[in-house]
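Engineer: Everything below, folded, please.
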Amino acid sequence: MTRYKAIISYDGTLFAGFQRQPQERTVQEELEKTLCKLNSGQPVTVHGAGRTDAGVHAYGQVVHFDLPQSRDVEKLRFALDTQGPEDLDIVSVEQVSDRFHARYQKHSKTYEFLVDNGRPKNPMMRHYATHYPYHLDLKPMQEAIKDLVGTHDFTGFTASGTAVENKVRTISQAKLHRDEKTGFLVFTFTGNGFLYKQVRNMVGTLLKIGNGRMPISQIKTVLEKKDRNLAGPTAAGNGLYLKEIIYED
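Structural biologist: The predicted model follows:
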């Protein structure tokens, strides 16, 4: 068997997330359907670097899969790209060692979150930026977001019911700016892993801080108390993008 690593991008609007689910359209299922056609009808399992929720987008999701023979990687990329759905794009394909695993090999992820703070909202971006039509002060948000950097127990920013026991993660970058062209707020987070809905919960808390309904110190409080009830609401998934995944050698 020959192992391939692929970088893919997708518009998450019409997907129920990355991971295969019964009776739902998912990124994993669509990739596996296309690979099955290219593999003479034989099933192929796709392994992703991580799951994205319904409505969440990706520029740089990474997957791997095995095929019984070696292929020209550009021809394989082109075939996957042209025979798959239009809302799923294959950015690149490369042959890798059979020791490579998209999920378990050590890596860092970068997520972006877009917030449309306009009144009225931009209707063309309703699936691609979360609308927040209330007053926001960037300065306290930019101050508070710094408290997320470092190694912390992110229990307070995790959706209830998660099965993951170890909720300690390291965030190496957390920043916020306003895009001059669109006026959208752009949140950027880089870390060695993120818990279920963690990014959306962090953004929801920062929006409350920017709106003056939570103090700048609220991020520290949530981290210290490990209490989800002290954090802000979960921001909608349509503003979230898995931007990049970098693997260590």
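
Engineer: For stretch 170-179, which residues meet the burial criterion?
Structural biologist: 171, 174, 176 (16 or more other Cβ atoms under 10 Å). Where you see a C-beta, it was placed from the backbone N, CA and C, and this is true even at glycine.

Engineer: and the residue at the greatest distance from the centre of the chain, helix, strand or coil?
Structural biologist: Within the chain, S40 marks the point farthest from the mean C-alpha position, 32.1 Å out by Cα atoms, centre = their mean. Using DSSP: H, G, I helix; E, B strand; the rest coil, the secondary structure recorded for S40 is coil.

Engineer: Quick one: name whatever helix or strand follows the helix or strand L76 falls within.
Structural biologist: L76 belongs to helix 73-83 when assigned by DSSP states H and E. As assigned by DSSP H and E, the chain's next helix or strand after helix 73-83 is strand 88-96.

Engineer: which other helices and strands contact the following helix or strand past that next one?
Structural biologist: Of the helices and strands lying after strand 88-96 in sequence (DSSP H and E), the nearest is strand 107-116. Contacts defined by 3 or more Cβ pairs under 8 Å, 6 or more residues apart in numbering; DSSP states H and E place strand 107-116 against strand 130-131, strand 185-191, helix 198-210, strand 240-247.

Engineer: Give me the contacts around the second one.
Structural biologist: Defining contact as Cβ atoms under 8 Å, 6 or more residues apart in numbering, one finds that strand 185-191 is touched by 108-115, 117, 136, 138, 145, 148, 169-179, 199, 202-203, 206, 243.

Engineer: got the contact list for the residue nearest to Q198 when sequence neighbours are not counted?
Structural biologist: Nearest residue to Q198, sequence neighbours excluded (Cβ to Cβ, 6 or more residues apart in numbering): F157, at 4.9 Å. Neighbour list for F157: 195, 198, 201-202, 205, 222, 228, 231 [criterion: Cβ under 8 Å, 6+ apart].
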